[in-house]
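S.K.: the following block contains a protein sequence and its predicted model.
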Amino acid sequence: MSNAKERKHAKKMRNQPTNVTLSSGFVADRSVKHHNGGGKPFRAQKQESFSGTSRQRQTRMTHYSPPEPDVNEQSSSKVTFNKKGGWKAGPEGTSQEIPKYITASTFAQARAAEISAMLKAVTQKSSNSLVFQTLPRHMRRRAMSHNVKRLPRRLQEIAQKEAEKAVHQKKEHSKNKCHKARRCHINRVLEFNRRQKKNIWLETHIWHAKRFHMVKKWGYCLGERPTVKSHRACYRAMTNRCLLQDLSYYCCLELKGKEEEILKALSPMCSIDTGLTFAAVHCLSGKRQGSLMLYRANKYPREVLGPVTFIWKSERSPGDPSENRQLWIWLHPTLKQDILEEIKVVCQCTEPTKSTVCISDPLLTPNQEKSQTKLPDEKIGKKRKWKDDGENAKPIKKFIGDGTRDPHQLYSWISPTTGILISDLTMEMNRFRLIGPLSHSILTEAVKAAAVHTGEDTENTPHRWWTETCKNPDSVSLHHRQEAIFALLGGITSPAEIPAGTILGLTVGDPRINLPQKRSKVLPNPEKCQDNEKVRQLLLEGVPVECTHSFIWNQAISKSVTENKISDQDLNWKRSELLVPGSQLVLGPHESKIPLLLIQQPGKVTGDDRRGWGSGWDVLLPKGWGMAFWIPLIYRGARVGGLKEAIMHSQYKRSPYIPGDFPDCPAGILFAKEQAKNLLEKYKRRPPAKRPNYVKLGTLAPFCCPWEQLTRDWELRAQAQEESSVASSPSGEESDWRGDEVPCAPTPEKTHQVSDAMGTSLHAWNPEVMDTECPAQMGTEWATGQDAARRHLCVLRSRASLKQLSAWCGPSSEDSRAARQVPSGGQQELTREACLSLLDRFPRALVWVSLSLLRKGSPEPHAMICVPAKEDFLQLSQDRLYCGPQESKHSDPFKSKIRKQKEKKKLEKRQNQGHTVSEGLEAGHTMAEHQAPTLGLWSGPLPDVTSHCSRVLLGFVTQGDFSMAVGCGEALGFVSLTGLLDMLSNQPAGERGLVLLRPPASLQYRFARIAIEV
């Protein structure tokens, strides 16, 4: 039977019982004896096809083996089935005898099962289709799906059963709340607060979640980048208009106490060598915001904790006779734990105290929430009406983010000896950042100063603090001065014209009242600043100290402002009651008054080009008012950015990004490990043929930067060069190109030597076990105690030393006298003594540098910064379009070992198949401990990183991309101080500062110019 007939037969037999077989031309087994009784089915057997054909096919046959029948009922005939049905003689063509008689009871009993199976197959449906779908297409009607009487009468009964069955199969109603109940304000906010146990939401979270790619970082849910293509648009906004960012995830630590005690406690944590400290005159008065680098007490220049910004409350505040001062320290969330612990140690704050911060009620469990929102039995099925319980009413959590604090966690500590009180104000304030030249113009349009109210109507308002302020003439006069200064900002071209870090306090009205109907773009209005003398004084001296006062420093007032906020629902209801729709809503004394603090951000302050780029304003406002200010700022033309735009902002400012660009900080080290782990997982997800082989490319660390080994290898290299130079020239003369000599370079055998284990992953390398031995190092003994502490990695942040290096990095004239000329500004000459004195203070230091490519190319993170060879300068002098040399391909010594190890694993797996389960688990555990190497990555301890390739390694790139500001590739990174001084002292004067850049997945070097901006 052909394949088509077989399929047709199989379709016909689809719903037949297993013990029934129709006669379809199959050849029966000759050894089977047919009886009049039933039997049990056997398995199908393969039969040979007819003779005369060379092909063989398989047929299925069901046999019946009846129980032992009576001897008289047996028959010796061999019967086959004819293709067209009926009985036929045997294969020899001889006639066969038919049984003479049958027993009716036995025969009926055998056929009973077959008859019942046939009836069941007839009555049951053979498919998942409905009854009306089985009709021919010309008989189908649309009404048959819901009206049974439109079907033929023979099918109506079955269709009725299907309809009843479909009713019972409907999904049960969800036990969750209905859509209206979920949208109820109290239930929705409680649900949002419950979802913030692991990652806290900002007040603008829902707005961001609809328009941004969200990521979970540092214990928060933050917007990473917009869902629309906006990379260039955000750059244009930062350059020409305004970019808005929500920085409310930044942490704030408050210190209260006497000024002398606070300065005495914090002075060991900072150094005047890196810049201004907490005692800077302009910052101490409360007039400016300051920034500095914090270290562990008396550990400078090592054991850095991270960068912070700080604000002092102004000394003379109206109505504040207390002698205590307040200090706010703002820092990144990754730095909070280390800095808080160190501040508690230096301030001797060991005793916890009851927090003065507004701590909300603890989070409700789902069962508690269900019990609160459950309706009584008598109200089921009736409309729920709003009921006022008066004084017994429980306050509703009015905004997202409230209730996320753990009430059992400590947020305040006091020192019994110094009297300093430390409070954690994280998430107690909102902080928005506006970047761009139109940031102050947007601020002046979106925010209006609060009106001064006097009269009897003010006694019934919930804003008692503002009523008391309006009764004081001095406070009213100060408010008018602040309002006048704020109005002057609308006519200034750029925030960069104002002194860096200027602070302005202000009390404003509700920004939702002045919300425009449509989005618009605000432009600076020069007519607002008619008084040129006041504008000139503002640009030169900044805001007066008295005008920096703000009520946001008072926690009780901030709490009152948060609790007495008018809801959006009430505000819209009052708008609907206006006689003229769309007219201005006037609330009078009942309008909310919000204290603000405006802080000017200076933008780019280093280097000579694009000074002031990226400047703007930071706005501090009380908790609960985030969305009330967020929407008006957007409606005035601000574009919103996320974490990716923050990285781009710091890259174009050429400033380090927190925490990735702080390799000597605990947060930076943790960030580097997580980044290397993620990149390694992404690399392993690709097949070996679709990913680069970094071993052949000569890239030892494509996912991390081994700073410790880089600085140690350069230190050992310098020692070996010193010993070789002393041995070769006792008179002290040195070669001009000693940088090309590699006395400590490992041999190829040692370079490609790996450990037997081969289990060390790339992102978890141990710098203490690196193979850096050479004959010059055999007798070296590492110092202990203070000398050992000086061997730790650090980043050079001394402003005097950075200015000296910046002057040395610039190219000079080819004339020898000009090359030896002392740089301007009182800087020293690049001599051996100056380099040794700098290296003595910072033996293992990294230097933050910026690089600009001379030709085409776009740098990438983890790109290698290398020292050019002598022939590279020769080739560049002959051809100015010369891009750079090319690295030769390296051999992969791990490829054969990885293949052998895979074959060994396969062999062990085959041998262990017969073992017991326990032995298999033990073997699996042993193999898990011994991690297999990855093809394409360096396995085991890293060799000497400086001399692994043809060009000596100097450092690594941490940020790099094509810069739209300068029109070429720009990169930021760190280089070894020892290597930088060695390179500068050996380079020609006219080519000083030129380096080579090579991406991790490329063999092409490209020329770039190095610069140190201070």
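M.R.: Yes, it's here.

S.K.: okay, now the nearest residue to H440 once chain neighbours are set aside: neighbour count?
M.R.: Closest residue in space to H440, ignoring its immediate chain neighbours: L489 at 4.2 Å, by C-beta to C-beta, 6 or more residues apart in numbering. Every residue, glycine included, has its C-beta placed from N, CA and C. For L489, the neighbour count with other C-beta atoms under 10 Å is 24.

S.K.: gap between S494 and E6?
M.R.: The spacing between S494 and E6, counted by C-beta to C-beta, to the nearest Å, is 85 Å.

S.K.: buried residues, stretch 964-979. List them.
M.R.: If you call a residue buried by 16 or more other C-beta atoms under 10 Å, then stretch 964-979 has these buried ones: A965, G969, E970, A971, L972, G973, F974, V975, S976, L977, T978, G979.

S.K.: show me where the stretch 901-1014 of the chain has its helices.
M.R.: Applying DSSP state H, counting those that start in this stretch to the stretch 901-1014 of the chain gives helices spanning 917-929, 977-986.

S.K.: weakest of those helices by average pLDDT?
M.R.: Sorting the helices of the stretch 901-1014 of the chain by mean pLDDT places helix 917-929 lowest, at a mean of 48.

S.K.: using the three-state scheme, assign the spatially most central residue of the chain.
M.R.: What sits nearest the mean C-alpha location of the chain, by C-alpha atoms, centre = their mean, is V215, with 4.7 Å. For V215, the assignment made with DSSP: H, G, I helix; E, B strand; the rest coil gives strand.

S.K.: that one pairs with what?
M.R.: L222 (DSSP bridges).

S.K.: isn't it right next to R225, touching?
M.R.: No. Counting by C-beta atoms under 8 Å, V215 stays clear of R225, with 9.1 Å between them.

S.K.: name the residues contacting each of the two.
M.R.: Both V215 and R225 are in contact with L643, where contact means C-beta atoms under 8 Å, 6 or more residues apart in numbering.

S.K.: now the strand ranked longest in the chain, how far from the chain's geometric center?
M.R.: When the chain is parsed with DSSP state E, its longest strand is strand 953-963. Distance, stretch centre to chain centre, for strand 953-963: 21 Å (C-alpha atoms, centre = their mean, to the nearest Å).

S.K.: so which bits of that strand are buried?
M.R.: L953, L954, G955, F956, V957, T958, Q959, G960, D961, S963.

S.K.: quick one on the thing from earlier: if I look at the residue nearest to H440, what pLDDT would I see?
M.R.: We have a pLDDT of 84 for L489.

S.K.: shouldn't it be in contact with T444?
M.R.: Yes. Under the criterion of C-beta under 8 Å, L489 makes contact with T444 at 5.7 Å.

S.K.: at which residues are the helices of the stretch 251-400 of the chain located?
M.R.: Under DSSP H, counting those that start in this stretch, the stretch 251-400 of the chain gives helices at 259-266, 281-284, 336-346, 366-373.

S.K.: break this protein into its domains for me.
M.R.: 188-240, 249-353+408-426, 428-562+587-640, 656-717+793-809+830-892+935-1013 (the TED database).

S.K.: returning to that earlier point: how near is the residue nearest to the centre of the chain to R691?
M.R.: Here the distance between V215 and R691 works out to 25 Å (C-beta to C-beta).

S.K.: also D961?
M.R.: The gap separating D961 from R691 is 22 Å, by C-beta to C-beta.

S.K.: then G588?
M.R.: Counting by C-beta to C-beta, the gap from G588 to R691 is 68 Å.

S.K.: tell me if I am right that W714 is in a helix.
M.R.: Yes. Assessed by three-state DSSP, W714 belongs to a helix.
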